[in-house]
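In: Generate a structure from the sequence data that follows.
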Amino acid sequence: MDFYRAQDEARRRTRWLAVLFTLSLISLLAMSNGLLYLLFRYAESTAPAAGSSYPPDNPFMYVLVSALIVVIVGLSSLFKSLSLRTGGKAVAEMLNARLLLTASNPAEQRLLNVVEEMAIASGMPVPPVYIMEEEAINAFAAGHSTANAVVGVTRGAIVKLNRDELQGVIAHEFSHILHGDMKLNMRLIGWLYGIMVLGIIGQYLVRAAAVSRRNNNNNAVLAMMGLGLLILGASGSFFGSLIKAAVSRQREYLADASAVQYTRNPKGLANALKRIAADTAAPWLHNPAASQISHALFSEGVHASLNDLFATHPPLEKRIRALDPQWQPGQELEPRPVQPEVKQSSAATPKMDAAAAVTMALARVGAPDETDIRRARNLLESLPASCVLAAKDPQGAAALVSAVLLYVNQIKLPGSSFGSLLVEIQRVGPSVTRLDAEQRLLLLNLCLPSLRQLSLRQYQQLRAVWEQIAKATQNLSGWLLYELTISHLDRYFELSRESTVSRSLAQMQSELSVFFSMLAERGSSNPADADKAFAAARNSSGFEKIERIDTSAMNLESFQQACSALRSLKPSEQKLLMAAITACIYSDNTVTVHEHEIMRAVCEILGCPLPADIH
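Out: The predicted structure follows:
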């Protein structure tokens, strides 16, 4: 599936979700006014002398109650959305899931390996992994963006699935991340909570009426109000389930198809679904919060009374047959033989036609395959064990990032700049100097889940030191590694936010001129190559009006500002930007490791995940 088209479709689904939410709210208002009318009539008939106290024909009362319901729904949705502002971490905590940084057994290590391989192969930051202590086989991906995304997996999935099957499940969840489904799912949780909260208020009023010592008439009115809100709450649950089903079902088929595209192994995913179908002893999640995220799970995690109507996922049989048309219920599973892994060199291919590079890069954004996964696995295995172990600890990860930036920029800072971190930097430093460019990029990604565990104050102190290192030499590679790290962490720690306004290329000519002038000059070894690189970018469709500017008086902060602005481009125009970047970097038909490092770092900073192997 085309990455950019998927992003556009995710935006359209968000607008469609807003329409469905509005229609549901209008339906609830109509029902509430009908129940209010009946309540007034009842009160009037039981207390004729006080009939004027219950004016069933007074429109102001209906407007007032409607406004009150809108306020309750709106504030409840806002409250829930704010509670989820930290992204996937909030969802994981809601499900009482446990963060997994270091494995305590081989099954947990296998899970970490599979998630890391999938992230590196996709060209996106490695998300933290959470474990739900549930016997059912299930998983989820949650977050507002890749900066705060997490992957959650049940204990049942870890224990009951083999590696191929687990990889299929994780690939399915990564499809939701890459195609924008994850962000939509987060909005669904917040918006639908507001509709269903009326039922909670109704339960409170019914209980209050039951224990109240006031006169029977007031108690009856209170009880009827509570009963009416319970009915509205049930209606809200009904509409919420319909909305989740309408939004989610088709996306599951697409995520299954994408998972097969990524792994080139339909049997792995099909067998995972078959095991779920056969696992009748533990089919559902027991956590009460599971109903709120049922649409974000790998398979149905909550039992629905009207399954065909309310199910957030297609029937397992249909999903399985889409992958294995010959399958019959009750058929025994045959484990797939483990294929021998072929080691690949991490060096870039020396020659590639620029036009071919553009075509390949555009096709590969957001679409890894089994070659990328195998390459990611080999890259992970090539890292020194000491570096991998250090990356699993917040202080070790901070030391690794510091050591990488110091080495790439070839500078030394006073030991006092790092405080207690200095000893750890000195310990991991020798290993870092032996890494090549691609391994350094990989190592920074592995550090991100651990760095998220730092406090805001710790991160701000580290960020200041890292910025000092990056500014010291104005080295493009060093700056990109710094920017790649903080672009994710700043959003996670809410020091910066994703732009909610989409802009066009025509509105960003000055930023584009700065971006491509800096990229051409800093990414080339001589002025002639820089001229050729800029010309290649300007010849791309949509970039004919950009102007080469003198960057000698500029620093890389100007490049950073241009990158930040370009993240707000519309998805369809991000595709054009990607083509121009590829043309600029590969203008000399030579793909060096340095150029490949620049390409992947720039694309990840701009939110265009490029797979590990684009050669």
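In: make it CA atoms for all contacts and neighbour counts henceforth
Out: Noted.
In: quick one, helices of the stretch 151-300 of the chain?
Out: For the stretch 151-300 of the chain, the helices defined by DSSP state H, counting those that start in this stretch cover 155-160, 163-178, 181-211, 216-263, 266-278.
In: Now render the ones you listed as CSV, adding mean neighbour count, mean pLDDT and distance to Arg375.
Out: Shown next, in CSV, are the helices of the stretch 151-300 of the chain (neighbours: other C-alpha atoms under 10 Å; pLDDT from 0 to 100; distance: least, C-alpha to C-alpha, whole Å):
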stretch, mean neighbour count, mean pLDDT, distance to Arg375
helix 155-160, 20, 94, 23
helix 163-178, 26, 92, 15
helix 181-211, 21, 75, 26
helix 216-263, 21, 73, 12
helix 266-278, 22, 91, 19
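In: Next, format the ones you listed as TSV and append distance to Lys570.
Out: Formatted as TSV, the helices of the stretch 151-300 of the chain follow (distance: least, C-alpha to C-alpha, whole Å):
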stretch	distance to Lys570
helix 155-160	37
helix 163-178	16
helix 181-211	16
helix 216-263	22
helix 266-278	33
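In: For Lys80, which of those helices is the nearest?
Out: Of all the helices of the stretch 151-300 of the chain, helix 181-211 sits nearest to Lys80, with 5.0 Å by C-alpha to C-alpha.
In: mind listing what's buried in stretch 89-96?
Out: For stretch 89-96, the neighbour count (16 or more other C-alpha atoms under 10 Å) marks 89-92, 94-95 as buried.
In: CA-only coordinates of that stretch in CSV, if you can.
Out: The C-alpha trace of stretch 89-96 is given here as CSV (Å, rounded to 0.1, in the frame of the first residue of the first chain):
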residue,chain,number,x,y,z
LYS,A,89,2.3,4.7,27.4
ALA,A,90,-1.1,6.0,28.7
VAL,A,91,-3.0,3.2,26.9
ALA,A,92,-0.5,0.5,28.2
GLU,A,93,-0.8,1.8,31.8
MET,A,94,-4.6,1.8,31.4
LEU,A,95,-4.3,-1.9,30.6
ASN,A,96,-1.9,-2.5,33.5
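In: which residues sit in contact with Ala142?
Out: 87-89, 91, 149-151, 177, 182-183, 185-186, 296 (C-alpha atoms under 8 Å, 6 or more residues apart in numbering).
In: now Leu35
Out: Gly228.
In: quick one: Phe140 is in a helix?
Out: No: counting by DSSP: H, G, I helix; E, B strand; the rest coil, Phe140 is not found in a helix; it is strand.
In: Mind listing the residues bridging to it?
Out: Gly152, Leu297 (DSSP bridges).
In: wait, it sits on Thr154?
Out: No: in this structure Phe140 lies outside contact range of Thr154 using C-alpha atoms under 8 Å: 9.1 Å.
In: neighbour-wise, which of these two wins?
Out: Set Phe140 next to Thr154 and count neighbours by other C-alpha atoms under 10 Å: Phe140 wins out with 27 against 20.
In: Val126 versus that one, what's the distance?
Out: 15 Å (C-alpha to C-alpha, to the nearest Å).
In: Asp372: which element?
Out: helix 370-382 (DSSP states H and E).
In: Packing partners of that helix?
Out: Counting contacts by 3 or more C-alpha pairs under 8 Å, 6 or more residues apart in numbering; DSSP states H and E, helix 370-382 is packed against helix 106-122, helix 216-263, helix 437-451.
In: Tabulate those helices in CSV, adding columns for distance to Met132.
Out: What follows is those, written out as CSV (distance: least, C-alpha to C-alpha, whole Å):
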stretch, distance to Met132
helix 106-122, 12
helix 216-263, 21
helix 437-451, 18
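In: Give the next helix or strand downstream of the helix or strand hosting Arg15.
Out: Using DSSP H and E, Arg15 sits in helix 3-46. Using DSSP H and E, the helix or strand that follows helix 3-46 in sequence is helix 59-83.
In: Following element in sequence after that next one, please.
Out: Next along from helix 59-83, by DSSP H and E: helix 88-94.
In: List the contacts of the residue nearest to Ser76 when sequence neighbours are not counted.
Out: The shortest distance from Ser76 to any residue other than its chain neighbours is 4.6 Å, reached at Gly194 (C-alpha to C-alpha, 6 or more residues apart in numbering). By C-alpha under 8 Å, 6+ apart, Gly194 lies in contact with 72-78, 80.
In: Quick check on the residues you listed: which are buried?
Out: 72-74, 76-78, 80.
In: one step back: of all the helices of the stretch 151-300 of the chain, which one comes closest to Met554?
Out: helix 163-178 (34.3 Å).
In: contacting residues around the closest one?
Out: 3, 110-111, 114-115, 118-119, 139-142, 145-146, 149, 151, 157-158, 182-183, 255-256, 258-260, 262-263, 265-272, 298, 336, 366.
In: just checking, Tyr407 touches Thr433?
Out: Yes: in this structure, Tyr407 is within contact of Thr433 by C-alpha under 8 Å, at 6.7 Å.
In: all helices for the stretch 401-550 of the chain, in order.
Out: Under DSSP H, counting those that start in this stretch, the stretch 401-550 of the chain gives helices at 422-433, 437-451, 456-473, 476-492, 509-522, 527-538.
In: closest one to Val63 among the helices of the stretch 151-300 of the chain?
Out: That would be helix 216-263 among the helices of the stretch 151-300 of the chain, by C-alpha to C-alpha, at 16.6 Å.
In: Next, count neighbours for Val70.
Out: Count around Val70 with other C-alpha under 10 Å applied: 18.
In: Okay, buried residues for stretch 502-514 please.
Out: Buried, per 16+ other C-alpha under 10 Å, within stretch 502-514: 503, 505, 511-514.
In: okay, those in JSON lines with pLDDT and distance to Ala245 next?
Out: Output for those, formatted as JSON lines (pLDDT from 0 to 100; distance: C-alpha to C-alpha, whole Å):
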{"residue": "Arg503", "pLDDT": "83", "distance to Ala245": "32"}
{"residue": "Leu505", "pLDDT": "86", "distance to Ala245": "36"}
{"residue": "Glu511", "pLDDT": "91", "distance to Ala245": "42"}
{"residue": "Leu512", "pLDDT": "92", "distance to Ala245": "42"}
{"residue": "Ser513", "pLDDT": "93", "distance to Ala245": "45"}
{"residue": "Val514", "pLDDT": "91", "distance to Ala245": "46"}
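In: Where do the domain boundaries of the protein fall?
Out: 3-87+195-247, 89-185+251-323, 354-367+499-605, 370-492 (automatic domain parsing).
In: Looking at those domains, which is nearest to Pro329?
Out: Among the domains of the chain, domain 89-185+251-323 sits nearest to Pro329 (C-alpha to C-alpha), with 7.9 Å.
In: got the end-to-end distance for the closest one?
Out: 32 Å.
In: thinking again about what came up before, only the buried residues of the helix holding Asp372, if you could.
Out: Neighbour-count burial for helix 370-382 [16+ other C-alpha under 10 Å]: 370-380.
In: ok, now stretch 566-580?
Out: 566-571, 573-580.
In: For the residues you listed, give me a markdown table that also has secondary structure, pLDDT and distance to Gln458.
Out: A markdown table is the format used below for the buried residues of stretch 566-580 (DSSP: H, G, I helix; E, B strand; the rest coil; pLDDT from 0 to 100; distance: C-alpha to C-alpha, whole Å):
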| residue | secondary structure | pLDDT | distance to Gln458 |
| --- | --- | --- | --- |
| Leu566 | helix | 86 | 29 |
| Arg567 | coil | 84 | 27 |
| Ser568 | coil | 84 | 29 |
| Leu569 | strand | 84 | 32 |
| Lys570 | coil | 80 | 35 |
| Pro571 | helix | 76 | 35 |
| Glu573 | helix | 83 | 37 |
| Gln574 | helix | 82 | 34 |
| Lys575 | helix | 81 | 37 |
| Leu576 | helix | 85 | 38 |
| Leu577 | helix | 87 | 35 |
| Met578 | helix | 83 | 35 |
| Ala579 | helix | 84 | 38 |
| Ala580 | helix | 88 | 38 |
